[in-house]
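A.B. asks: Got a sequence here, can you build the structure:
(one chain, ligands or ions: 2)
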Amino acid sequence: MRIPFEQIPAEGLELELTEAGWFPEQELARQGPVRATINLAREPGRLDRVRLRGLLEVDLRLICDRCLDSYPYALAADFQASLEVGAIDDGAAVSDHLCSAEVMETVSLAEPVVDVFDLLAQQLFLSLPLKRLCREECRGLCPRCGADLNEGECGCFRSPGSSPFAVLADLKKR
Ligand SMILES: [Zn+2]
Ligand SMILES: [Zn+2]
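C.D. replies: Ligands and ions are numbered 1, 2, ... in the order given. Here you go, the predicted structure:
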């Protein structure tokens, strides 16, 4: 969905989107619909700048970094940016990232057109948690035998030849 700047009325444009064709289904598993609200506003006196505010909500299934099991994650991202037509030297359509709601980031565009789905896909990836855990106290998999330690001790650490320091090193990693 591409919206040229000149099609944004002076009073602004609010879009309620449930269309999910842009969602990267190959890379992320979702459960249920994608809900997005996008608000576009012209900046008075500026033809080359548009302010964007958005909200993106989708229920995902992520993979836990420790136990490799999938778990539900309700993503709700609030974001805003100033979209500006600017000099692009690397040839990319969008050179900057959107960022979280606290900071107004400037996104350089090659042309005065808002590519809504492209921005939503960017925002989705930026809003994913860096550390993905099914729960804070997830014990993960045994590095030796691969057993899911959430389901009980596998006995590896007590087996002959394994140093008690290996247990400490493993705890430190967590
Ligand atoms: Zn886990
Ligand atoms: Zn084990």
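A.B. asks: Do a quick rundown of the helices in the protein.
C.D. replies: Using DSSP state H, the helices of the chain run over residues 116-126, 164-173.
A.B. asks: Around ligand 2, pick out the residues from this protein.
C.D. replies: 142, 144-145, 147, 154, 156 (Cβ under 5 Å from the ion). Any C-beta I mention is one placed from the backbone N, CA and C, and that applies to glycine too.
A.B. asks: just to revisit the earlier point, among the helices of the chain, show the one with the smallest mean pLDDT.
C.D. replies: Out of the helices of the chain, helix 164-173 stands lowest, with a mean of 58 (criterion: mean pLDDT).
A.B. asks: Hmm, which of the residues of the chain next to ligand 2 is lowest in pLDDT?
C.D. replies: Of all these, C156 has the smallest pLDDT value, namely 88.
A.B. asks: check contacts around that residue.
C.D. replies: 142, 144-145, 147, 162 (Cβ atoms under 8 Å, 6 or more residues apart in numbering).
A.B. asks: what about 6 Å?
C.D. replies: Counting by Cβ atoms under 6 Å, 6 or more residues apart in numbering, C156 touches 142, 144-145.
A.B. asks: If you drop the residues flanking it in sequence, what lies closest to it?
C.D. replies: R144 (4.3 Å; Cβ to Cβ, 6 or more residues apart in numbering).
A.B. asks: ok so, going back, keep only the contacts of C156 that also lie close to ligand 1.
C.D. replies: Within these, nothing lies near ligand 1 by Cβ under 5 Å from the ion.
A.B. asks: Pop the domain breakdown of this structure in here.
C.D. replies: 2-126, 139-174 (automatic domain parsing).
A.B. asks: Out of these, name the one with the poorest average pLDDT.
C.D. replies: Going by mean pLDDT, the lowest-scoring of the domains of the chain is domain 139-174, which has a mean of 74.
A.B. asks: sorry, back to before: nearest to D59 among the residues of the chain next to ligand 2?
C.D. replies: Closest approach between the residues of the chain next to ligand 2 and D59, by Cβ to Cβ: A147, at 29.6 Å.
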